[in-house]
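Visitor: Okay, sequence plus prediction incoming.
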Amino acid sequence: MEKDLIGRGVLCGAIAGLLSFVFSRVFAEPYVQKAIDYEAGRDAAQALLDKSAGLPAESDLFTRTVQADVGMGVGMIAFGIGMGALFALVYAVCLGRVGRLRPRPLALLVAAAGFLGLYLVPFLRYPANPPAVGLADTIRQRTGMYLVMVLSSVALLALAVWLGQRLRARFGNWNASLLAGAAFVVAIGTVMALLPSFGQPATGRFAATASETPLPLTDANGAISYPGFPADVLFYFRLYSVAGQLLLWSAIGLLFAPMADRLLGQAAGAANRSGAAAAQA
């Protein structure tokens, strides 16, 4: 049974990854290109300023290239397959252990938990950045802290589910869910407060700022030679990043739900027929 569920999860994840790729290619990719164009223009302006000041050319942002459509598509489908397999594994563990939920509602709840724990909550602390946003010097620290945020989110979400199950007998399902949710918010909020922000302290044009978003580039007289990173590009990139992940997890849950319902129904029917045949014998 578990292998059948995981196989269906992999299929749903592949389809969801393809849908997410199409969405990102249409909506998010234009803003990625705008960010790359901004970076190229800023680097050119910085080079001119350095040359006029008699300084050697220097680039403090790591070089980025546009990924090919095939590479991006394969990567997102592979990611969807991995998330689909993980989703199905968690679904199989939760089946029959989190109350009397039917297969379809359980699939939607597991998908919602996956989106919340693996993406949305970590995103609130360390949101996705387009090209040109973020210092190369901090990429290792940012990656490490993001991983800590993901692990903390998943662990605390699992503990919240466990707590809700323990409190259900005493407070009822609704109140237990509210108490467990409040405990999760307090715990994850504490983790967010303890984790560091990036951008302060920093050097150069990022000095004394609370983020690594490029500020306006100025010359020796303080005149703006190149504008800061466009706020609308940053906003829409992050918006479509969240939307793409929401589409991925929604597709996994909605596709998997009827498959699991049918599979589990067939298994229950076969078990009933086997039991009836044994009783007749």
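Guide: That came through, no problem.
Visitor: who does the helix or strand containing residue 252 touch, helix- and strand-wise?
Guide: Assigned by DSSP states H and E, residue 252 falls within helix 231-280. Helix 231-280 is packed against helix 2-23, helix 29-52, helix 69-94, helix 103-115, helix 121-125, with contacts defined by 3 or more Cβ pairs under 8 Å, 6 or more residues apart in numbering; DSSP states H and E. Just so you know, the C-beta spots here come from the backbone N, C-alpha and C atoms, and that holds for glycine as well.
Visitor: where does the stretch 51-200 of the chain have low pLDDT?
Guide: 57-70, 199-200 (pLDDT under 70).
Visitor: Could you give the separation of the helix holding residue 252 from the chain centroid?
Guide: 18 Å (Cα atoms, centre = their mean, to the nearest Å).
Visitor: what angle do that helix and helix 29-52 make?
Guide: Relative orientation of helix 231-280 versus helix 29-52 (axes from the mean of the first three to the mean of the last three Cα atoms, to 10 degrees): 140 degrees.
Visitor: thinking residue 260 is in contact with residue 101, fair?
Guide: No - under the criterion of Cβ atoms under 8 Å, residue 260 makes no contact with residue 101, lying 11.5 Å away.
Visitor: and these two? which has more neighbours close in?
Guide: residue 260 (25 against 16; other Cβ atoms under 10 Å).
Visitor: Show the contacting residues for the more buried one.
Guide: Applying Cβ atoms under 8 Å, 6 or more residues apart in numbering to residue 260 gives the contacts 5, 8, 91, 103, 104, 106, 107.
Visitor: Same check on residue 236?
Guide: Counted by Cβ under 8 Å, 6+ apart, residue 236 has contacts 28, 31.
Visitor: One more: residue 220?
Guide: residue 53.
Visitor: If we use 10 Å, what do you get?
Guide: By Cβ atoms under 10 Å, 6 or more residues apart in numbering, the contact set of residue 220 is 49, 52, 53.
Visitor: For it, which three-state class applies?
Guide: Recorded secondary structure, residue 220: coil (DSSP: H, G, I helix; E, B strand; the rest coil).
Visitor: This completes my enquiry, with thanks.
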